[in-house]
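need a 3D model of the sequence below.
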Amino acid sequence: MRRFDFVTLKLFISVADEGRLTAAAEREHLALAAVSKRISDLETLVGTTLLYRRPRGVELTPAGQAFLHHARRIMDNIERLQAELSEYGEGVRGHVRIHSNTSAIIAFLPQDLSAFSRLYPEIKIDLQERVSSEIIAAVRDGLTDIGIFAGHVAAPDLQQLSYRQDRLVLMTPIDHPLAGRESIAFNEALAFDFIGLQQDASLQSLLNEQANLAGKTLRMRIQVRSFDAICRMIHHGMGVGVLPEQTIYRDLGDLQLKSIPLSDPWAQRELVIGMRRYASLHVTARHLVDHLTQKEDE
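Numbering: from 1, shown residues only. Below you'll find the predicted structure:
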């Protein structure tokens, strides 16, 4: 065990993430032969097989799964050590990984991350857009430092802090029969065709759940991958849709749309910041969490 080195640990994590030695070699800028030898030497060192070799790639053995868990933890600790030591240099340095849902990326993060970068110009921010279920899994697996996702999605094993509130609204064409309403209950709109997101999106799951609770079926006519696409489909009379209010303001200028607040209590949605444990975050990530959770009150 004394012969473990960080390069091999990092390489094993890449192999596990990519599922192919060739892809891991490209990711780590190593020759394929060097990758294969390092993994073989590692298996010899630990005295057991860590990977199943398949025709189309590799899969982790049970021992490999256990090794991956500890390798991620070791590399995370090294990263935190480097980040914390950097505070003793000239300013705070390092990088923070964030996975966020679309709502936060469109409505809140641009201004929040811009302000953070002005305060800490030496901190690099790695932001990736994901659906809430993928974000929660990434936080659990150590693939991201923090995640921002819809609060109604269950994540009991993560520490969560409130980030922002957003309100859901019904979007209709401007000449739609419901367009004259000042507010509306969700079940009143279920008689019409809907334009929505893909099934793996947390908002879509929420709408399906609420329709089922009302004893009705959500009539999905078209499912797309962005809020912009939903708005444009609605503009052309293909149906109605439910969107977070602060994600659609920029589309109203050139599209003939009407935004109607939903009166249902669940339509007032909370976005949360999730992490494995705040205390275990490296210092740069803690700075960002502190900034995001204090921003609205400043």
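
could you report the neighbour count for the residue nearest to residue 200 when sequence neighbours are not counted?
In space, and not counting its chain neighbours, residue 200 is closest to residue 131: 5.2 Å by CB to CB, 6 or more residues apart in numbering. For every residue, glycine as well, the C-beta is placed using N, CA and C. By the measure other CB atoms under 10 Å, the count of residues near residue 131 is 23.

ok, so what distance separates residue 131 from residue 99?
Distance, residue 131 to residue 99, using CB to CB, to the nearest Å: 10 Å.

was I right to think residue 64 contacts residue 50?
Yes: look at residue 64 against residue 50 with CB atoms under 8 Å: they come within range, at 3.8 Å.

from the contact counts, what lies against the longest helix along the chain?
In the chain, taking DSSP state H as the definition, the longest helix is helix 62-86. Contacts defined by 3 or more CB pairs under 8 Å, 6 or more residues apart in numbering; DSSP states H and E place helix 62-86 against helix 6-18, strand 94-100, helix 283-294.

again, only using 6 Å
Identification of packing neighbours for helix 62-86 by 3 or more CB pairs under 6 Å, 6 or more residues apart in numbering; DSSP states H and E yields helix 6-18, helix 283-294.

any chance of those helices in CSV, plus mean pLDDT and mean neighbour count?
Shown next, in CSV, are the helices and strands packed on helix 62-86 (pLDDT from 0 to 100; neighbours: other CB atoms under 10 Å):
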stretch, mean pLDDT, mean neighbour count
helix 6-18, 93, 18
helix 283-294, 92, 19
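
among those helices, which comes closest to residue 273?
helix 283-294 (6.0 Å; CB to CB).

now do the end-to-end distance for stretch 266-280.
32 Å (CA to CA, to the nearest Å).

what residues sit buried inside it?
267, 269, 271-276, 278 (16 or more other CB atoms under 10 Å).

ok now that stretch, how far from the chain's centre?
Mean-position distance between stretch 266-280 and its chain equals 12 Å (CA atoms, centre = their mean, to the nearest Å).

identify the residues contacting that stretch?
104, 139, 146-148, 151, 155, 158-161, 163-168 (CB atoms under 6 Å, 6 or more residues apart in numbering).

what about it, average pLDDT?
Taken as a whole, stretch 266-280 has a mean pLDDT of 93.

which residues sit against the helix or strand bottoming out on mean pLDDT in the chain?
When each helix and strand of the chain is scored by mean pLDDT, DSSP states H and E, helix 62-86 comes last, with a mean of 84. Contact with helix 62-86 is made by 9, 12-13, 16, 48, 50-51, 93-94, 142, 282-284, as judged by CB under 6 Å, 6+ apart.

take the helices and strands packed on helix 62-86 and lay them out in CSV including distance to residue 235.
Formatted as CSV, these follow (distance: least, CB to CB, whole Å):
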stretch, distance to residue 235
helix 6-18, 40
helix 283-294, 33
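
any weak-confidence spans in the stretch 151-298 of the chain?
249-253, 295-298 (pLDDT under 70).

thought residue 14 was touching residue 25?
No: using CB atoms under 6 Å as the test, residue 14 is too far from residue 25 to be in contact (8.6 Å).

next one: residue 141 from residue 60, what distance?
The value you get for residue 141 to residue 60, if CB to CB is used, is 13 Å.

neighbour count for those two, which is higher?
Higher neighbour count among residue 141 and residue 60: residue 60, with 17 against 13, using other CB under 10 Å.

bridge partners for the more buried one, pull those for me.
Beta bridges link residue 60 to residue 51 when assigned by DSSP bridges.

closest one of the contacts of helix 62-86 to residue 255?
For these, the nearest to residue 255 is residue 284 (39.9 Å; CB to CB).

in the least confident helix or strand of the chain, which residues are buried?
So, applying 16+ other CB under 10 Å, buried residues of helix 62-86: 64, 67-68, 71-72, 75-76, 79-80, 83, 86.
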